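Return a 3D structure for these sequence lines:
(6 chains)
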Number of protein chains: 6
Amino acid sequence: MKDEVYYGKGMRIVREKYPELYEGINKLNGVIYTGRELDYKTQKLIAIGIVASKCDENATEKQMRSGMAELGITEGEIVDILRVVLLTAGMPAFNKGIRILEDILKK
Amino acid sequence: MKDEVYYGKGMRIVREKYPELYEGINKLNGVIYTGRELDYKTQKLIAIGIVASKCDENATEKQMRSGMAELGITEGEIVDILRVVLLTAGMPAFNKGIRILEDILKK
Amino acid sequence: MKDEVYYGKGMRIVREKYPELYEGINKLNGVIYTGRELDYKTQKLIAIGIVASKCDENATEKQMRSGMAELGITEGEIVDILRVVLLTAGMPAFNKGIRILEDILKK
Amino acid sequence: MKDEVYYGKGMRIVREKYPELYEGINKLNGVIYTGRELDYKTQKLIAIGIVASKCDENATEKQMRSGMAELGITEGEIVDILRVVLLTAGMPAFNKGIRILEDILKK
Amino acid sequence: MKDEVYYGKGMRIVREKYPELYEGINKLNGVIYTGRELDYKTQKLIAIGIVASKCDENATEKQMRSGMAELGITEGEIVDILRVVLLTAGMPAFNKGIRILEDILKK
Amino acid sequence: MKDEVYYGKGMRIVREKYPELYEGINKLNGVIYTGRELDYKTQKLIAIGIVASKCDENATEKQMRSGMAELGITEGEIVDILRVVLLTAGMPAFNKGIRILEDILKK
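Model (predicted):
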């Protein structure tokens, strides 16, 4: 399941037409979310923080959604991530994260 | 103690000469690391991930050091953070993080 | 009024459900746009330059709009900001800023 | 023709209302894609890699489209660029690039 | 004089060995700091804000130094710029800017 | 040989203490620089462009050095890369790249 986490819409084309690249990404993915000391959920919280601190709206939404659906990450936990985003990346990144969270909760 | 975490060398000048700004930063800081659902250590792990995914060497070192000294964050936990950095921010950010970690461990 | 400048759509949820975080942001905001030597308009010009030099389209539009509506910042002044963006952040950031400005002027 | 490459929708306003700025950009542009040792196509491949490694969706799409239309850059070549983006900038930038490429190919 | 502002150590090699590139940069530079509505000092304040919001230590120091030496920009004005950096780019960028400012003042 | 390209000083610790992570990076690396349509040198030129457009001084120096030593990339070719960096990422990134190049050439 973890293997699917980072795979967006475009990954089908990669799997079908560039299978060796797809395989390499799979191999990499297999050594990311298998931390020795941090569990998968904690690593996912970190991933959400990193993409939210950048300005990639799609990636932030995808990470939040998969974290909430797969791992039961709550609204409050995401707000706690965004507190750290506010301090380390500033108000625009925080605002964007809150807006994405709100959109997810509405649907 | 948490109040001191983000305060670098330059903050003395801020406290002495721009006390109202210092106070505002303190107030902000007070609502960051007091998450309702995530504990301080988890928020710190997220902060390390965010600064490591950017290219601010000083901030990454400072965050790693304070996390290890104050909260007992281990080498293995930081490597688990850097796994996520590798996936979400690429090899140069991962390399830099590993190098900073190694320098900290040597001293 | 300044307190409202950075508050996007999502801030209502923050104010209602996370009032202590909202308060901390307010406190921070209160020590930002109260520069001792630069007036509010000059600080706003700087804020527009910073968000335009990054790739946050929403924040750039919001900053430009509020600067034009609240402080009478003109098209020509924003173009002068974008000249600096061109030099310090490159052509894609400049292009995006010009396009956002044009969209604002059309409406 | 090269002069037109970086000119987005907003450049008409620049040309008409800020002709001296337009002229300066033209002058700059004229010394970029006239490398002494790398040909135009190779420089364009580099430009695609740089904008794809950032999070500017519009610029990435524009660069890919103009590279494919003007210089005959192929789908496979862009995937080879995106391999480098994956290594140097991480999975979210790669995902976004693949998605943009797919959208271009569909149309 | 403005022409020299952005020229670092490496520009001598550009001027001597790549004169057409040097000329293009000069032409560009000539249309940046000649804003129609904002004066040179205001544009310089914006440039300092933009480079300080990124993590380029050298560029930030160079911009601060040239702004203070050429245009009489004061410590207090730079702190007012950094207030905006804090809000729009977060604490690590603010910390770095304060530290650079302090180092300049010491010398 | 390509496998070693991205491996900085810190990779020894990864190989010895986190062999499964090292293996995953190797697997990923194996599908990056084996483009189907672009040769290794062209992909390396793109990698240099991407890291130079960011602010990671170490990665830029490492990429330039390995590209010059392994693949015979010339000073002139790197300047042609930096022309594209200037257009797409601005003057500070260009300046930094030129300075790093100059330092490499001196030694």
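
where does chain A dip in pLDDT?
Scanning chain A for pLDDT under 70 picks out the ranges A:1-9.

which residue sits closest to the spatially most central residue of it, ignoring its sequence neighbours?
Centre of chain A computed as the mean C-alpha position; nearest residue by CA atoms, centre = their mean is residue A:63, 2.5 Å away. Once flanking residues are discounted, residue A:63 sits nearest to residue A:48: 4.8 Å by CB to CB, 6 or more residues apart in numbering or on different chains. Where you see a C-beta, it was placed from the backbone N, CA and C, and this is true even at glycine.

Equivalent analysis for residue A:65, please.
residue A:104 (6.1 Å).

The one you found is in what secondary structure piece?
helix A:91-106 (DSSP states H and E).

got the buried residues for that helix?
Buried residues in helix A:91-106, counted by 16 or more other CB atoms under 10 Å in any protein chain shown: A:91, A:92, A:93, A:94, A:95, A:96, A:97, A:98, A:99, A:100, A:101, A:102.

for that helix, the distance to its chain's centre please.
14 Å (CA atoms, centre = their mean, to the nearest Å).

just stretch A:80-95 next, same as before
15 Å.

Over to stretch A:56-66?
With CA atoms, centre = their mean, you get 5 Å for stretch A:56-66.

residue contacts, residue A:84?
A:49, B:32, B:33, B:43, B:46, B:47, B:50 (CB atoms under 8 Å, 6 or more residues apart in numbering or on different chains).

could those go into CSV alongside secondary structure, neighbour count and distance to residue F:54?
Listed next are the contacts of residue A:84 as CSV, based on DSSP: H, G, I helix; E, B strand; the rest coil; neighbours: other CB atoms under 10 Å in any protein chain shown; distance: CB to CB, whole Å:
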residue, secondary structure, neighbour count, distance to residue F:54
A:49, helix, 31, 19
B:32, coil, 24, 27
B:33, coil, 22, 29
B:43, helix, 23, 26
B:46, helix, 30, 22
B:47, helix, 30, 21
B:50, helix, 32, 16
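
Can you narrow these down to the ones near chain C?
residue B:32 (CB under 8 Å from any CB of the partner chain).

And the contacts of residue A:84, which is closest to chain C?
residue B:32 (7.6 Å; CB to the nearest CB).

got the contact list for the closest one?
Here residue B:32 is in contact with A:83, A:84, A:86, A:87, B:43, C:24 (criterion: CB under 8 Å, 6+ apart).

buried set for whichever strand or helix holds the fourth one?
Assigning secondary structure by DSSP H and E places residue A:87 in helix A:75-89. Counting neighbours by 16+ other CB under 10 Å, one finds that the buried residues in helix A:75-89 are A:75, A:77-89.

and the angle for that helix with helix E:75-89?
Calculated by axes from the mean of the first three to the mean of the last three CA atoms, to 10 degrees, helix A:75-89 forms an angle of 150 degrees with helix E:75-89.

Got phi/psi on the residue in chain A positioned nearest to chain E?
Chain E sits closest to residue A:90 of chain A, with a gap of 4.1 Å, by CB to the nearest CB. Here is the backbone geometry of residue A:90 (degrees, to the nearest 10): phi 90, psi 170.

For it, the count of nearby residues, please.
29 (other CB atoms under 10 Å in any protein chain shown).

Not counting its neighbours along the chain, what's nearest it?
Going by CB to CB, 6+ apart, residue A:90 has residue E:90 as its nearest residue, at 4.1 Å.

picking that back up, distance to residue D:20 added to the buried residues of helix A:75-89, as TSV?
Output for these, formatted as TSV (distance: CB to CB, whole Å):
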residue	distance to residue D:20
A:75	52
A:77	53
A:78	48
A:79	48
A:80	50
A:81	47
A:82	43
A:83	46
A:84	45
A:85	41
A:86	41
A:87	42
A:88	40
A:89	36
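
for the residues you listed, which one is nearest residue B:39?
Nearest to residue B:39 among these is residue A:80, at 9.2 Å by CB to CB.

Name the SS class of the spatially closest residue to that closest one that is not a sequence neighbour, please.
Of all residues beyond its chain neighbours, the one nearest residue A:80 is residue B:35 (3.3 Å), with distances taken as CB to CB, 6+ apart. Counting by DSSP: H, G, I helix; E, B strand; the rest coil, the backbone at residue B:35 sits in coil.

who in chain A is up against chain E?
Checking chain A against chain E by CB under 8 Å from any CB, the hits are A:86, A:87, A:88, A:89, A:90, A:91, A:92, A:93.

switch the cut-off to 7 Å
A:87, A:88, A:89, A:90, A:91, A:92 (CB under 7 Å from any CB of the partner chain).

Look through chain A and state the residue closest to chain C.
residue A:98 (3.3 Å).

Can you report how many residues neighbour the residue lying closest to that residue once chain neighbours are set aside?
Once flanking residues are discounted, residue A:98 sits nearest to residue C:10: 3.3 Å by CB to CB, 6+ apart. For residue C:10, the neighbour count with other CB under 10 Å is 19.

Would you mind confirming that residue C:10 is in contact with residue A:96?
No - Residue C:10 is not in contact with residue A:96 according to CB atoms under 7 Å; the separation is 8.4 Å.

ok, back up a step: from residue A:103, how far off is the residue of chain A closest to chain E?
21 Å (CB to CB, to the nearest Å).

Next: residue A:97.
11 Å.

Flag every residue of chain A that's near chain C.
A:55, A:79, A:83, A:91, A:92, A:95, A:96, A:98, A:99, A:102.
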